[in-house]
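**Student:** Coordinates for the following, if possible.
(one chain, ligands or ions: 2)
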Amino acid sequence: MAAGPCSVENQDQTLETAKAVKSYGGTLLRGGAFKPRTSPYDFQGLGRNGLELLRQARAATGLPVVTEVLSPQDVDMVAEVADVLQIGARNAQNVPLLAAAAASGKTILLKRGISSYIDEWLLAAEYILVHGNNKVILCERGIRTFEHACRNTLDVSAVAVAKKETHLPVFVDPSHAAGRYDMVIPLARAAVAAGADGLLVEVHPNPAIALSDGGQQLKPKQFGQLMAEVRPIVEVMGRRMADA
Ligand code: PEP
Ligand code: MN
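**Tutor:** Ligands and ions are numbered 1, 2, ... in the order given. Next comes the predicted model:
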C-alpha cells in the first residue's frame, strides 16, 4: 500500500502525512517533488528541496519512498532519495526517460499513459526490461474516455489483462482515476477484487489547501477507512496485506 500526498509541499505536511500513512498500515510513502502539471502556471513541485523532505520522512518513519522523475537528467538526483522511481502517465512512452530510469537499477513504477493501449503500456515496460532492469511495477491510473463523471475511467480490465499477460506486479492508482475523493475507496475495492497487487493512494492532512489534486486526496482518517474496507477483500482474494 503506497500512500502520501500528491505533492510534497512543506516539512509539516510531509511528516504528518508520512506518520499517518504508517500508522494506518501503509508500507510505501508517495509524494511528488517534480510535478508534471497540466498548466505551467500551477505549482510545479519543490524539486530538490522536496526530495530532502522525502528523505526526512523516510528517516522519521522507516517507510521507503516512491517519487516521480520527470527527465533523464534528474534520474541520478531522484534515485539518491527514491526507493522506487515513478514514471508518470505523461511520460509513459518517453523512451530516453525509460532507459535512464532503468539504468539507475531502482525499482520503476510505470504508470499507464493517459491514452495508452494496454499493449503500448506493456511495451513501455519492455523498454525498462531490455535495459537490464527487471524491477518493474505496472500502474493503471485511469484512461481518458468520453465519460467525465470522474477525472478518468479506471480500466479494471487492464489489471486483469496485465496480470494474465505479464509476470509483473500490477498496482492501481484509484486517486488519479477518480479525480474525486468520494470515489477513491470504491475504485480501490474494485482494483483489489480485480487482482491488483498494490494501490497508490493520495493522502493529505488538509486537502482543501493542497497545492495540487486537492479534490481527490483523502484525509488521513479516510485513508484509514480505505484500509479497513480493502483488507477483507484482500483476504477473500487469498492474499494478505504486506507488513510495514
Ligand atoms: C502522480 O502520481 O502524482 C501523477 C502525476 O500521476 P499521473 O502520472 O498518473 O497523472
Ligand atoms: Mn496527483
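
**Student:** Next to ligand 1, which bits of the chain? Give me the list.
**Tutor:** Residues of the chain lying near ligand 1 by CB under 6 Å from any ligand atom: 6, 32, 36, 88-90, 111, 141, 173, 176. To be clear about C-beta, it is placed using only N, CA and C from the backbone, and glycine gets the same treatment.

**Student:** Scan these and report the most crowded one.
**Tutor:** Using other CB atoms under 10 Å as the neighbour criterion, residue 173 leads the residues of the chain next to ligand 1 with 31 neighbours.

**Student:** returning to what we had before: could I get the residues of the chain next to ligand 1 as JSON lines with secondary structure and pLDDT?
**Tutor:** JSON lines is the format used below for these (DSSP: H, G, I helix; E, B strand; the rest coil; pLDDT from 0 to 100):
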{"residue": "6", "secondary structure": "coil", "pLDDT": "98"}
{"residue": "32", "secondary structure": "strand", "pLDDT": "98"}
{"residue": "36", "secondary structure": "coil", "pLDDT": "96"}
{"residue": "88", "secondary structure": "coil", "pLDDT": "98"}
{"residue": "89", "secondary structure": "helix", "pLDDT": "98"}
{"residue": "90", "secondary structure": "helix", "pLDDT": "98"}
{"residue": "111", "secondary structure": "strand", "pLDDT": "98"}
{"residue": "141", "secondary structure": "coil", "pLDDT": "98"}
{"residue": "173", "secondary structure": "coil", "pLDDT": "99"}
{"residue": "176", "secondary structure": "helix", "pLDDT": "98"}
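
**Student:** neighbours of residue 12, just the number please.
**Tutor:** 10.

**Student:** now swap in residue 218 and tell me
**Tutor:** 24.

**Student:** Phi first, then psi, for it.
**Tutor:** Dihedral pair for residue 218: phi -90, psi 140, per degrees, to the nearest 10.

**Student:** which stretches of this protein form strands?
**Tutor:** Secondary structure of the chain (DSSP state E): strands located at 2-4, 28-30, 65-68, 84-87, 107-111, 136-140, 170-172, 198-202.

**Student:** Need the winner for burial among those strands.
**Tutor:** Among the strands of the chain, ranked by average contacts under mean count of other CB atoms under 10 Å, first place goes to strand 2-4 (a mean of 29).

**Student:** Which neighbouring elements make contact with that strand?
**Tutor:** Contact here means 3 or more CB pairs under 8 Å, 6 or more residues apart in numbering; DSSP states H and E; on that basis strand 2-4 packs against helix 11-23, strand 28-30, strand 198-202.
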